[in-house]
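**Student:** below: sequence and its predicted model.
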Amino acid sequence: MDPKLQKLLASYEERAAAESHVLRGLSSQELEERIDEFLIPVGPDTGQLLHTLVKSSKAQCVVEIGASYGYSSLWLADAVRLTGGKVHSFELSSAKVEHAQEKLRSVGLDGYVEFHVGDVFDNLPSLAGPLDLVLIDCWKDLYERCFEMVHPKLAEEGIVVADNMLFPSESRPDAVKYQKLVRSKNDMDAVALPIGSGIDVARRRTAPSKRALT
Ligand SMILES: C[S@@+](CC[C@H](N)C(=O)[O-])C[C@H]1O[C@@H](n2cnc3c(N)ncnc32)[C@H](O)[C@@H]1O
């Protein structure tokens, strides 16, 4: 990885570590009021896994739901640089997107990400697909709706990664509902992994008619 990108990711991680102390001291009302001040990134292990999944699946159309200030966007952008693909990133806050764009530009990755500012439920339906890899990392009560929206657009062998399956603990009920929904689809294989804040990795199966007999 480019040392400039490594340095930039490390600066996000330092900021996130400092913010985690502040976050722990906030009441739920304060957290709700101040949530947009914080990065809340996926973290280096999940970032590395996303990078590996995009590269190994040679993903072309990558979707990010919830960019925040651009930490996961940087990992995904660097991976699609290697596959020749593109990231479509959906984020509510235009201020966060501006920050993310500036950081991507500073390491020469801005050309690999197209941001769609606004509510993902307004903007994603017009994206044609097929989607090769989707990261779901927006507000946790939206995960089920996000999965229902992206599932019909998934490529065969398309991957869906969802963050925050284990932490924060307040999100556990939403995470459990999400995992149940994914496992109810008869074309998806899924596994929960205890890395970072806990992730769920699901993959769409190839249709039986196209599967090679081995
Ligand atoms: C946990 S943060 C994303 C962190 C980011 N993936 C990273 O690793 O740096 C969640 C983000 O989802 C965004 N978000 C929440 N609901 C959304 C919606 N309906 N449409 C688009 N973005 C949304 C929030 O504005 C917030 O920035």
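**Tutor:** Right, received. Where do you want to start?
**Student:** show me what contacts Val201?
**Tutor:** For Val201, the contacting residues are Leu49, Leu53, Ile159, Val160, Val161, Ala190, Val191, Ala192, Leu193, by Cβ atoms under 8 Å, 6 or more residues apart in numbering. C-betas here are computed from N, CA, C, even on glycine.
**Student:** doesn't it lie inside a helix?
**Tutor:** No. Secondary structure of Val201, determined by DSSP: H, G, I helix; E, B strand; the rest coil: strand, with no helix assignment.
**Student:** what's the spacing between it and Leu74?
**Tutor:** Separation of Val201 from Leu74 (Cβ to Cβ, to the nearest Å) stands at 20 Å.
**Student:** neighbour-wise, which of the contacts of Val201 leads?
**Tutor:** Highest neighbour count within the contacts of Val201: Val160, with 25 neighbours (other Cβ atoms under 10 Å).
**Student:** re the thing from before, what would the contacts of Val201 look like in TSV with distance to Pro152, secondary structure and pLDDT?
**Tutor:** Listed next are the contacts of Val201 as TSV, based on distance: Cβ to Cβ, whole Å; DSSP: H, G, I helix; E, B strand; the rest coil; pLDDT from 0 to 100:
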residue	distance to Pro152	secondary structure	pLDDT
Leu49	25	helix	98
Leu53	21	helix	98
Ile159	15	strand	98
Val160	12	strand	98
Val161	18	strand	98
Ala190	17	strand	98
Val191	22	strand	98
Ala192	23	strand	98
Leu193	25	strand	98
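**Student:** right, and Gln48 touches Trp75 too?
**Tutor:** Yes. Using Cβ atoms under 8 Å, Gln48 is in contact with Trp75, at 7.5 Å.
**Student:** have a look at the two and say which one is more surrounded.
**Tutor:** Set Gln48 next to Trp75 and count neighbours by other Cβ under 10 Å: Trp75 wins out with 27 against 16.
**Student:** would you say the more buried one is within a helix?
**Tutor:** Yes. Judged by three-state DSSP, Trp75 forms part of a helix.
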